[in-house]
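Asks: Got a predicted model here, sequence first, then my questions.
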Amino acid sequence: MAKFQIGDKIEFVKFNTPIQKGIVIAGPFLVDKVDHYHVKWEWTEDGIEWKNMECDLISDLSSTKYHYRLQKNKQ
């Protein structure tokens with residue numbers, strides 16, 4: 001079953017710290033038994049803007065250092 005759906009707000013996390021935040025705009029696409037998604041990034045830790053890219057293709061693979069998760073609400 002897919003981890004994310006279109007419209008989900010997600011975070012790219014290094015250890016437990018978010019380094020990018022964005023929204024899933026397409027997917028999941030199953031390629032070689034791994035879910036892939038198109039994400040439009042809205043925030044990066046280092047302030048780099050994604051001006052020249054409409055979306056980024058990510059895969060739902062995780063490691064001990066990096067993974068994707070649904071955004072946590074801080075309200």
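Replies: That came through, no problem. Residues are numbered from 1 along each chain as shown.

Asks: List the buried residues for stretch 10-21?
Replies: I10, E11, F12, V13, P18, Q20, K21 (16 or more other CB atoms under 10 Å). C-betas here are computed from N, CA, C, even on glycine.

Asks: where's the first one, which helix or strand?
Replies: Pointing back at I10 there. Using DSSP states H and E, I10 maps to strand 9-14.

Asks: so the very next helix or strand once past that strand versus strand 9-14, what angle?
Replies: Using DSSP H and E, the next helix or strand after strand 9-14 towards the C-terminus is strand 17-31. Here strand 17-31 runs at an angle of 110 degrees relative to strand 9-14 (axes from the mean of the first three to the mean of the last three CA atoms, to 10 degrees).

Asks: Tell me where the protein is predicted with low confidence.
Replies: Low-confidence regions of the chain, defined by pLDDT under 70, span residues 47-53, 74-75.

Asks: can you tell me how far A2 sits from T44?
Replies: 25 Å (CB to CB, to the nearest Å).

Asks: What of F4?
Replies: Applying CB to CB to F4 and T44 gives a distance of 19 Å.

Asks: For these two, indicate the residue with more neighbours.
Replies: F4 (20 against 15; other CB atoms under 10 Å).

Asks: on that earlier part again, which one of the buried residues of stretch 10-21 is nearest T64?
Replies: V13 (11.5 Å; CB to CB).

Asks: Could you check how many residues crowd around the residue nearest to I10 when sequence neighbours are not counted?
Replies: Once flanking residues are discounted, I10 sits nearest to Y68: 5.4 Å by CB to CB, 6 or more residues apart in numbering. Residues near Y68, counting by other CB under 10 Å, number 21.
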